[in-house]
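**Q** any chance you could fold what I've pasted below:
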Amino acid sequence: MKAVIMAGGKGSRLRPLTSNTPKPMVPLLDRPVMEYTIELLKKHGIADIAVTVQYIPEAIRQYFGDGSDFGVRLHYFEEHSPLGTAGSVKNAEAFLDETFIVISGDALTDFDLTRAIAYHREKEAVATLVLTQVDSPLEFGVVMTDPAGRIVRFLEKPSWGEVFSDTVNTGIYILDTEIFGYMESGREVDFSKDLFPALMKRGRPMYGYVAEGYWSDIGNLGQYRQTQFDMLEGKVDVAIAGREVAPGVWAGEHALIDPTASVIGPAFIGDHASVGRGASVSAHSVVGAGSILMDGVALDRAVLWRNNVLDRQVEIVGATLCRNVLAGYGASVKEGAVLGDHCSIGVNSIVQPGVKIFPDKSVEDNAVLKHSLIVEERAAKTIFGRRGVKGVCNVTMTTGFVDRLATALASSLAMGSTVGIGRDAAPFAELIADTFATGLHASGIHTYDFGAVTSSITRYATRHLDCAAGIYIRVSDADGEDQLVIEFLDGQGLPIPKAAERKIENAFVQEDRRLIKRDKLGRKRTSPHAGALYRKDLLESVDAGLVAKRSFKVVTVYNGQNLNQVLPELLHELGCRVIQLNGVVSTAAELARWVRDNEADFGVLLDANGERLELVTERGGVASDELLHMLQLMIRLRTSADEIVRVPVHFPGTAELLAERQGRRAVRSKADTRSLLESCQHNGFHAYADGIYTVVHAMATLAELGLSLSQLVATIPSFALFKEEVDCPWTEKGKVMRFLMEETKGQDVEMIDGLKIFHDQGWTLILPDNEEPIFQVYTNAESQQAARELAAAYADKIRHYRNG
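**A** Predicted coordinates for the structure are as follows:
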């Protein structure tokens, strides 16, 4: 049997442990998590293994190589864009020509895989999920089986009110190759959300095998530490590197423990580590290979990775230190603190409980660090990403962090200014909005509370209520994790420019706080209902009576509570007959069937924030993102009299043709969010980031021209645009661009944003991503095949220059 090790995890909840290290490479007693997974597979006779990688893949390849040093054969399959849990396995389909097992490379288990495989064969199952029982199932996929073991129900990450079992999915699956027939290559597919429901719907045999033994998904920092303590206590059947030199004390090769030092088991001392005179290593401590504990160092439940140097009298209590940390004489690191790679802690400094210090940071001598240093070193060296500031809820995005952000923003505004604050309906977003407002009030800034609204409404209200700035706060499940995003807007409702970002960041880093008298405190101001203002003005921007005469039949799908106060009433006022399918369907393909079956005029699928829109024509055709952008440009041309229309640099070449038809001229602009919204701004609305605006104006256009949606789409000139992503470390991006510039000397190029190279078939745009260590490659050509081939050719060039 063959296996697939899922090794693409970022492990955001483990940061700063995973800032420079993919989660499968995080060490447990000095060896990567994934090494234990390989040993388990080998123990059960499985040596032919596919490894799916995405985040910092070279770290995994360099350590494990082809697997021969570990007695197995490893074959790597890299995701160049997110494919989902099942999609990444589909990516290895050519290798998987028989029944196979899927297992996580970033969890620890000692399950009997041989029994699980035998169970799968006995049941003649298409899919067998290996299950286990846990005390609190809220963070896992809960599974219910019938007496025969057949799966009858499952639910991903339920609330307590939804919990129907304590038996959960461990992410270990035994699968028949039949499952590949339920997935499209190159598409994002998730096991729990997509594949397994599809198998159940079709009545295919899916079984659950409840395994006995140890399992830890290492889902947070506490579990990471506890897993190692469990290993030391013998609760998991794995081999510990080294030898037992005293009861419960494991030491690696050439480890040196001074006779006057005290080491109490269970504890682990790695290869070539040294413990100095009078040092104390208490139970449940881990000292990584090459680490040096000088005289008088005291460790209590401390976890140290490799090559740390702790000077005399340093005390580490209940903390975790990554690689190459230097701690000066008498320094103290308290309970729950975490120090990333290459950090230094000054003489007699104190790192207080729970503080997280991200890689490459320094704490000065005699300092007392009460707040986390979480600004990660990246090429841009900024806390701002593509859409503001983001991080994991209550991990990197804490109330303390947000209070500092608010005071940093306040320092850039005039005393007595007003900031509009909108948010989505998530409870954590509401908490953060209140925290942000409090920080502004304490700095003499007033606020408007827009409540639970969309970002488009926040942008509109910020501009029309004459705010000096705006804030929009939302929670998303990017990468399967709860991410908090805080967007910063200027008085026009646009994302703040880079100069304003730098000003706020400098104030944040320096912890600038305006000191004011209590009679100058800011206040929460009452405001007109932001949603009602937006809805009223949007209706007035079209001929609502003409739209109502068409009596459009619309099928809608959206799950954002913040859309409820706007969209239903808006469609009602426009005379629409609405079929609402919230919670019934979740994909455009499913929506298309409903549109056709109900003879609707079109279908609308909106994300929770109302920004991302998928349109389905009356014939069931789904408009691609690029086609939707062209439709939005067509609306822009019809609603604006501007002679020059700005078009983002990565939009299809068809944009110029559409502009020419209307007697206008298209001028390309940058691809960043601010430039994108500036290019489509019309009376405070922003079509490219406002699905509701697009739907309303699309109906107005159809009513005015007397067309169906498919007929309107048919008027857009055909185009072929293909996009590919290429991984590239931050440190190599400049080198790659330099080589590309040298290679294209004398060619027809454009450098509005990235490098656009014009050729006989169209153009190729190479765009370094501002937020991720990747390049975006866009190719516009005469055919989709030609676009794909050209994108692949330039992607290969990037990889060549990256590795050269």
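**Q** the stretch 501-650 of the chain: helices as residue ranges?
**A** Secondary structure of the stretch 501-650 of the chain by DSSP state H, counting those that start in this stretch: the helices cover 530-540, 544-550, 567-573, 588-597, 625-639.
**Q** and those helices as a markdown table, adding mean neighbour count?
**A** All C-beta spots, glycine's among them, are computed from the backbone N, C-alpha and C. What follows is those, written out as a markdown table (neighbours: other C-beta atoms under 10 Å):
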| stretch | mean neighbour count |
| --- | --- |
| helix 530-540 | 19 |
| helix 544-550 | 16 |
| helix 567-573 | 17 |
| helix 588-597 | 18 |
| helix 625-639 | 20 |
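**Q** wait, which of the ones you listed is closest to Phe64?
**A** helix 625-639 (37.0 Å; C-beta to C-beta).
**Q** just checking, what packs against that closest one?
**A** strand 613-617, strand 644-648, helix 654-661, helix 691-705, helix 709-714 (3 or more C-beta pairs under 8 Å, 6 or more residues apart in numbering; DSSP states H and E).
**Q** can you add mean pLDDT and mean neighbour count and give these back as JSON lines?
**A** Putting these into JSON lines (pLDDT from 0 to 100; neighbours: other C-beta atoms under 10 Å) gives the following:
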{"stretch": "strand 613-617", "mean pLDDT": "95", "mean neighbour count": "24"}
{"stretch": "strand 644-648", "mean pLDDT": "88", "mean neighbour count": "19"}
{"stretch": "helix 654-661", "mean pLDDT": "92", "mean neighbour count": "18"}
{"stretch": "helix 691-705", "mean pLDDT": "95", "mean neighbour count": "22"}
{"stretch": "helix 709-714", "mean pLDDT": "95", "mean neighbour count": "17"}
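**Q** for Glu742, find the nearest of these.
**A** strand 644-648 (26.7 Å).
**Q** CA-only coordinates of that closest one, as PDB, when you get a sec.
**A** Provided in PDB are the C-alpha atoms of strand 644-648 (Å, rounded to 0.1, in the frame of the first residue of the first chain):
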ATOM      1  CA  ILE A 644     -10.200  58.300 -19.300                       C
ATOM      2  CA  VAL A 645     -11.000  55.200 -17.400                       C
ATOM      3  CA  ARG A 646      -8.400  53.500 -15.100                       C
ATOM      4  CA  VAL A 647      -8.100  49.800 -15.400                       C
ATOM      5  CA  PRO A 648      -5.900  47.600 -13.100                       C
END
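**Q** how about Ile174, secondary structure?
**A** Recorded secondary structure, Ile174: strand (DSSP: H, G, I helix; E, B strand; the rest coil).
**Q** OK, contacts around Lys390?
**A** 397, 483-486 (C-beta atoms under 8 Å, 6 or more residues apart in numbering).
**Q** rerun at 10 Å
**A** Going by C-beta atoms under 10 Å, 6 or more residues apart in numbering, Lys390 touches 383-384, 396-397, 474, 476, 478, 483-487, 771.
**Q** Phe758 now?
**A** 744, 747-750, 764, 780.
**Q** what pLDDT does it get?
**A** If you check Phe758, the pLDDT there is 96.
**Q** state the distance from it to Gly653.
**A** Look at Phe758 and Gly653: by C-beta to C-beta, to the nearest Å, they are 10 Å apart.
**Q** what is in contact with these two at once?
**A** Common neighbours of Phe758 and Gly653 (criterion: C-beta under 10 Å, 6+ apart): Asn780.
**Q** nearest residue to Met231 other than its sequence neighbours?
**A** Residue nearest to Met231 in three dimensions, not counting chain neighbours: Leu29, with 5.8 Å by C-beta to C-beta, 6 or more residues apart in numbering.
**Q** now, among the contacts of Phe758, which is nearest to Leu108?
**A** Comparing these against Leu108 with C-beta to C-beta places Thr764 closest, at 44.6 Å.
**Q** so which helix or strand takes in that closest one?
**A** Assigned by DSSP states H and E, Thr764 belongs to strand 762-768.
**Q** now stretch 111-129 - C-alpha only, CSV.
**A** This file holds the C-alpha atoms of stretch 111-129, laid out as CSV (Å, rounded to 0.1, in the frame of the first residue of the first chain):
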residue,chain,number,x,y,z
PHE,A,111,-2.5,4.1,16.0
ASP,A,112,-2.4,0.5,14.6
LEU,A,113,-2.6,1.4,10.9
THR,A,114,-2.5,-2.3,9.9
ARG,A,115,-5.8,-2.9,11.8
ALA,A,116,-7.4,0.2,10.2
ILE,A,117,-6.4,-1.0,6.7
ALA,A,118,-7.8,-4.5,7.4
TYR,A,119,-11.1,-2.9,8.6
HIS,A,120,-11.3,-0.9,5.3
ARG,A,121,-10.9,-4.0,3.2
GLU,A,122,-13.3,-6.0,5.3
LYS,A,123,-16.0,-3.4,4.8
GLU,A,124,-15.2,-2.9,1.1
ALA,A,125,-15.4,0.8,1.7
VAL,A,126,-14.6,3.6,-0.7
ALA,A,127,-13.4,5.7,2.2
THR,A,128,-12.6,4.8,5.8
LEU,A,129,-12.1,7.6,8.3
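**Q** how about that stretch: buried residues?
**A** 111-113, 116-117, 119-120, 123, 125-129 (16 or more other C-beta atoms under 10 Å).
**Q** cool, and stretch 97-113?
**A** 99-113.
**Q** circling back: any idea of the mean pLDDT in the strand holding Thr764?
**A** On average, strand 762-768 scores 93.
**Q** that one pairs with which strands?
**A** Strand 762-768 has these partner strands in its sheet, going by DSSP bridges: strand 755-759 (antiparallel), strand 774-781 (antiparallel).
**Q** ok, then the element right after the last one?
**A** If you walk from strand 774-781 toward the C-terminus, the next helix or strand you reach (DSSP H and E) is helix 784-803.
**Q** from the contact counts, what lies against that next one?
**A** strand 720-727, helix 730-743, strand 755-759, strand 762-768, strand 774-781 (3 or more C-beta pairs under 10 Å, 6 or more residues apart in numbering; DSSP states H and E).
**Q** can you give me the angle the third one makes with helix 784-803?
**A** By that I understand strand 755-759. Relative orientation of strand 755-759 versus helix 784-803 (axes from the mean of the first three to the mean of the last three C-alpha atoms, to 10 degrees): 130 degrees.
**Q** just for the stretch 401-550 of the chain, where's the confidence low?
**A** 477-481, 509-512, 527-528 (pLDDT under 70).
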